[in-house]
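Visitor: How does the following fold in three dimensions:
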Amino acid sequence: MTQAQPPRQTFSRYEILIVAILAILQFTIVLDFMVLSPLGAMLITTLGISTAQFSLVVSAYAFSAGASGLLAAGFADKFDRKKLLLFFYTGFMAGTVLCGLAPDYHALLIARVVTGIFGGVISSISFAIITDLFRMEVRGRVMGFVQTAFAASQIMGLPVGLLLANRFGWHSPFLMIVGFSVIVYIVIALYMKPVDAHLKLKSDRNPFQHFSKTITRPDYLQGFLATTLLATGGFMLMPFGSAFSINNLGLTNEQLPVLYGITGVFSIIFGPLIGRASDAVGKYRIFVAGSVLSMLMVAIYTHFGITPLWIVISVNVVLFIGISSRMISASALMSAVPDPQDRGAFMGINSSVQQISGGIAAAIAGMIVVQNQAGALQRYDVLGYVVIGAMLVTVGMMYFIDRQVMRKMKK
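Guide: Below you'll find the predicted structure:
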């Protein structure tokens, strides 16, 4: 009697290529969103717009991305995922070209809506591909590598966007992203194999039925609700990060790239390590550890006054390690929730929920935090308590999702 062989833990050359492609693809999507932040002051002056109008340019992407994800969810499992990815990536590049050619505010606003409609669906397709091609035992490692795109964009988005904009004008960062994206598109078209195994699982549902069944299924609803709270915890602190650093912590504009750059480098280093640990130790355990670490750092960070740069960097690095632990382990765990024939729809709805929840969370944060006459932010500590509360509730919700996934894997 032969012993059962343990699951293969190494990746084939093709699997390594797919992970690299999806990580670089995610980098272009996140960079397109991140690059607006350093362009804010320049766009307000050049286009003669208010801060409220600039905020609309930023939120237009998030809300159009959320809406398109919901609309596309019913069709997400009806096509080869590679073809679907190329279709939406083409639309994303077209929208980014429009941003790079926009002559005025209204043209830029329309361009951001177009970019969001297509770009907002790409992450969900990428996660569906990961779930199709990689076993649960190694999925944390894959998510760890792909999620480093956020850290890389943090390093690249601020300095590269400002450098190009200062030298060639605010349109140039968008055109740079398009040029890089064309190369990524060609690599996907030439080297990615069709991802169509889910098409062999016959379904007689039409797209509307597929969408409605997916969004109303009780075990899927648990996942969507957990994602809502995950996004709430993450997006509430982000919009005011630079303002808090300058007005409350006493950092300068010149020190911000150093803060973001060092934090990003550590996030890139720790991302794959966290992914590997989630596979070895358990995804929920890493999620809990990351949540505890994040809550502790949020409690410390939001109570800071004038603080030396090295202390701010240290706390920020630890905070982002905690946040990365939550993101990577939660993404890997959530990927096991849907059945194979529902993966595209589930990921699409989940991505939309994340986008819309993030937009709402940022709006709620704006209602909590106020700025005094000296420019300092007030009630930032209250915002910290709200974030900690959301993280605590999410830990409980993810416990039930972990149990659900464990039961499914035993069948």
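Visitor: Around residue 383, count how many other residues there are.
Guide: By other C-beta atoms under 10 Å, 22 other residues sit near residue 383. Where you see a C-beta, it was placed from the backbone N, CA and C, and this is true even at glycine.
Visitor: oh sorry, the question was meant for residue 167
Guide: With neighbours defined by other C-beta under 10 Å, the count for residue 167 comes to 8.
Visitor: how much space between it and residue 152?
Guide: Between residue 167 and residue 152 the computed distance is 22 Å (C-beta to C-beta, to the nearest Å).
Visitor: what does residue 378 give?
Guide: Applying C-beta to C-beta, the value for residue 378 to residue 152 is 34 Å.
Visitor: So between those two, which is more surrounded?
Guide: Higher neighbour count among residue 378 and residue 152: residue 152, with 21 against 12, using other C-beta under 10 Å.
Visitor: Within the helices and strands, which one has the more buried one?
Guide: helix 148-168 (DSSP states H and E).
Visitor: For that helix, give the mean pLDDT please.
Guide: Here helix 148-168 scores 72 as its mean pLDDT.
Visitor: can you map out the strands along the stretch 251-400 of the chain?
Guide: 370-371, 377-378 (DSSP state E, counting those that start in this stretch).
Visitor: Each with direction, which strands does the first one pair with?
Guide: So that's strand 370-371. Strand 370-371 pairs in its sheet with strand 377-378 (antiparallel), by DSSP bridges.
Visitor: gap between the strand it pairs with and the chain center?
Guide: Centroid separation for strand 377-378 versus its chain: 27 Å, with C-alpha atoms, centre = their mean, to the nearest Å.
Visitor: residues in contact with it?
Guide: The contact list for strand 377-378, computed with C-beta atoms under 8 Å, 6 or more residues apart in numbering, reads 240, 243-244, 247-248, 369-372.
Visitor: coming back round to it: the helix holding residue 152: what's the following helix or strand?
Guide: Assigned by DSSP H and E, the successor of helix 148-168 is helix 172-191.
Visitor: So which residues make contact with whichever helix or strand comes after that next one?
Guide: Under the assignment DSSP H and E, the closest C-terminal helix or strand after helix 172-191 is helix 207-216. Contact partners of helix 207-216, identified using C-beta under 8 Å, 6+ apart, comprise 70, 73-75, 77-78, 203, 205, 220-221, 224, 338, 342, 345-346, 349.
Visitor: how far out from the middle of the chain is helix 207-216?
Guide: Remark: helix 207-216 is offset 24 Å from the chain centroid, using C-alpha atoms, centre = their mean.
Visitor: so for that helix, what's the average pLDDT?
Guide: On average, helix 207-216 scores 76.
Visitor: Quick one: list the elements packing against whatever helix or strand comes next after it.
Guide: Going down the chain from helix 207-216, the next helix or strand is helix 218-235, by DSSP H and E. Counting contacts by 3 or more C-beta pairs under 8 Å, 6 or more residues apart in numbering; DSSP states H and E, helix 218-235 is packed against helix 207-216, helix 309-334, helix 343-368, helix 380-410.
Visitor: Make JSON lines out of the ones you listed and add distance to residue 254.
Guide: As requested, the helices and strands packed on helix 218-235 are exported to JSON lines (distance: least, C-beta to C-beta, whole Å):
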{"stretch": "helix 207-216", "distance to residue 254": "47"}
{"stretch": "helix 309-334", "distance to residue 254": "10"}
{"stretch": "helix 343-368", "distance to residue 254": "26"}
{"stretch": "helix 380-410", "distance to residue 254": "23"}
